[in-house]
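Student: Fold the stuff below for me.
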Amino acid sequence: MTPAPRPAGGHFPVAVIGGGQAGLSVSYCLRERGVEHVVFEANRVGHEWRARRWDSFCLVTPNWQCKLPGYPYRGGDPDGFMVRADIVRYLEDYVAFFQPPLVEGVSVTRVRRAPTGVYELATTDGDFTADQVVVATGPYHTPRIPRAAERLPSGVRQLHSSGYRSPDRLPAGAVLVVGTGQSGCQIAEDLHLAGRQVHLAVGGAPRVARFYRGRDCVAWLDEMGHYARPIDEFDDAGAVRMRVNHYVTGRDGGRDIDLRAFARDGMRLHGRLTSVEGRVLGFAGDLKANLDRADAVAESIKDAIDAHVAAHGIDAPHEPRYTPVWEPDGGPDGLDLTAAGITSVVWATGFSRDHRWIEIPAFDGRGYPMHWRGVTSVPGLYFLGLPWQHTWGSGRFEAVGRDAEFIAGHIDAGRRLADVCGTLTGAPTRVAAAVPVG
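Tutor: Numbering: from 1, shown residues only. Now for the predicted structure:
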């Protein structure tokens, strides 16, 4: 672990909290601008990828979209999908590339703003102060498991998707996966390919085809400007920020995740889990509607690609549209865990944000940071790495660097203004104002 730097008085001009791709990106941008700062990382670089991803995990976006500031993907497979170890190595190599002022193994346990405007940081390695603070801890803090889990029999092994590693680490028997976001679908596939009997509670997440008309759909969407469209162009920006990502996989070179095909091949699909009464589970009658809706989203994306191809006269091969290979039988159903031989439940039910350690009034009633492009109304406080912070790509390797550059520019402008104010008044000015920059 890197020992914490000890500046005179324990003060930093800028403190970045979180040493993942977001924190490292803004550190690079700050260093390029000559802004002194520190990056506090509670664990090791790449910890989230090491600790919260399963053994076969890989990115769902192509490697060419990995373009952290000053360090785009340099490997030999730009159209491939990095596996977990490669992602960790990419981040470690980034650290070696520009050597940020990174402090590993130090958690920030409290941030508050003193009446003077300076930020006070309590950490596991002592107390520090800073003029400006960037919170780059992402949105996925606390695994979310529904209270219904408490009613499952004690003999059933339960774990959150963040604790899943591989099929052979679960007890023998069938497995119920609850949730069909990206993690739930990919874990269900992982278990299915290993020959396990899988039951999957299907929610309302959309899907997208991996390839269409000769290219990865991500490449089409990137070319069409979807990843660069700002959040403020949407009438329902608040709802857009809470959307679930489309499910697809980069496994084995990339392919669709077709839940209907899984069902045809033996996976048991159910609607949303609605009740747990001992060993008997109840599911809503929305399975067909959820599958149809996911397919409709995938086909609407193909419609947009077709329109783009036609409008620009692009020479792209034609491709037949998706035909469902399986249809569910009926309405609500129930499941007896004993009869089905289910010994494990994987809760792929997402995460909750936890910013209680930030004792500053910068959040709305849901606990979401109130910001514009990461800049809050509290002078000198910023957030980075949030989904849809500014665009669809904000929470990803693809665009976190653009957001980092914006935040770094804002910080630098605030610092320069503070220096000017201090010079004019003849007194040191440590607290930066929130000054918009283009």
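Student: the helices in the stretch 101-250 of the chain, which residues?
Tutor: Per DSSP state H, counting those that start in this stretch, the stretch 101-250 of the chain has helices spanning 182-193, 217-223, 237-241. These are given in chain order.
Student: Give me the distance between the longest one and the centre of its chain.
Tutor: A distance of 18 Å separates the C-alpha centroid of helix 182-193 from that of its chain, computed with C-alpha atoms, centre = their mean, to the nearest Å.
Student: Buried residues of it, list them for me.
Tutor: 182-192 (16 or more other C-beta atoms under 10 Å). To be clear about C-beta, it is placed using only N, CA and C from the backbone, and glycine gets the same treatment.
Student: Give the other helices and strands that it contacts.
Tutor: Using 3 or more C-beta pairs under 8 Å, 6 or more residues apart in numbering; DSSP states H and E as the contact test, the elements touching helix 182-193 are strand 174-178, strand 198-201, helix 259-264.
Student: between that helix and strand 174-178, how many degrees?
Tutor: Using axes from the mean of the first three to the mean of the last three C-alpha atoms, to 10 degrees, the interaxial angle of helix 182-193 with respect to strand 174-178 works out to 160 degrees.
Student: ok so, going back, now mean pLDDT and distance to Gly395 too, for the helices of the stretch 101-250 of the chain, in TSV please.
Tutor: As requested, those are arranged in TSV below (pLDDT from 0 to 100; distance: least, C-beta to C-beta, whole Å):
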stretch	mean pLDDT	distance to Gly395
helix 182-193	97	12
helix 217-223	97	15
helix 237-241	79	10
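Student: between those, which gets nearest to Val14?
Tutor: The minimum distance between Val14 and the helices of the stretch 101-250 of the chain falls on helix 237-241, with 25.8 Å, by C-beta to C-beta.
Student: to the chain's geometric centre, what's the distance from the closest one?
Tutor: Here helix 237-241 is found 15 Å from its chain centre; the criterion is C-alpha atoms, centre = their mean.
Student: Packing partners of that helix?
Tutor: Based on contacts counted as 3+ C-beta pairs under 8 Å, 6+ apart, there is no element that helix 237-241 packs against.
Student: For the helix or strand harbouring Leu91, buried residues please.
Tutor: Taking DSSP states H and E as the definition, one finds Leu91 inside helix 84-98. Neighbour-count burial for helix 84-98, counted by 16+ other C-beta under 10 Å, picks out 84, 86-88, 90-91, 94-95.
Student: Give me the average confidence score over it.
Tutor: Helix 84-98 shows an average pLDDT of 97 in the prediction.
Student: Restricting to C-alpha, output it in PDB.
Tutor: This file holds the C-alpha atoms of helix 84-98, laid out as PDB (Å, rounded to 0.1, in the frame of the first residue of the first chain):
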ATOM      1  CA  ARG A  84     -11.800  -9.400 -15.700                       C
ATOM      2  CA  ALA A  85      -8.000  -9.800 -15.400                       C
ATOM      3  CA  ASP A  86      -7.400  -7.700 -18.500                       C
ATOM      4  CA  ILE A  87      -9.500  -4.900 -17.100                       C
ATOM      5  CA  VAL A  88      -7.600  -4.900 -13.800                       C
ATOM      6  CA  ARG A  89      -4.300  -4.900 -15.800                       C
ATOM      7  CA  TYR A  90      -5.500  -2.000 -18.000                       C
ATOM      8  CA  LEU A  91      -6.100   0.100 -14.800                       C
ATOM      9  CA  GLU A  92      -2.800  -1.000 -13.300                       C
ATOM     10  CA  ASP A  93      -0.900  -0.100 -16.500                       C
ATOM     11  CA  TYR A  94      -2.700   3.300 -16.500                       C
ATOM     12  CA  VAL A  95      -1.300   4.000 -13.000                       C
ATOM     13  CA  ALA A  96       2.200   2.900 -14.100                       C
ATOM     14  CA  PHE A  97       1.800   5.200 -17.200                       C
ATOM     15  CA  PHE A  98       1.300   8.500 -15.500                       C
END
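Student: How far does stretch 65-85 stretch from one end to the other?
Tutor: From the first residue to the last, stretch 65-85 extends over 17 Å; the measure is C-alpha to C-alpha, to the nearest Å.
Student: Stretch 338-349 too?
Tutor: Here the two ends of stretch 338-349 are set 23 Å apart, with distance taken as C-alpha to C-alpha.
Student: Need phi/psi at the residue nearest the centre of the chain.
Tutor: Note on the chain: the residue nearest the mean C-alpha position is Gly395, at 5.6 Å, using C-alpha atoms, centre = their mean. As for Gly395, its main-chain torsions (degrees, to the nearest 10) stand at phi -90, psi 10.
Student: Got phi/psi on the nearest residue to it once chain neighbours are set aside?
Tutor: The spatial neighbour of Gly395 that comes closest, neighbours along the chain excluded (C-beta to C-beta, 6 or more residues apart in numbering), is Pro387 at 3.9 Å. Main-chain torsions, Pro387, degrees, to the nearest 10: phi -60, psi 140.
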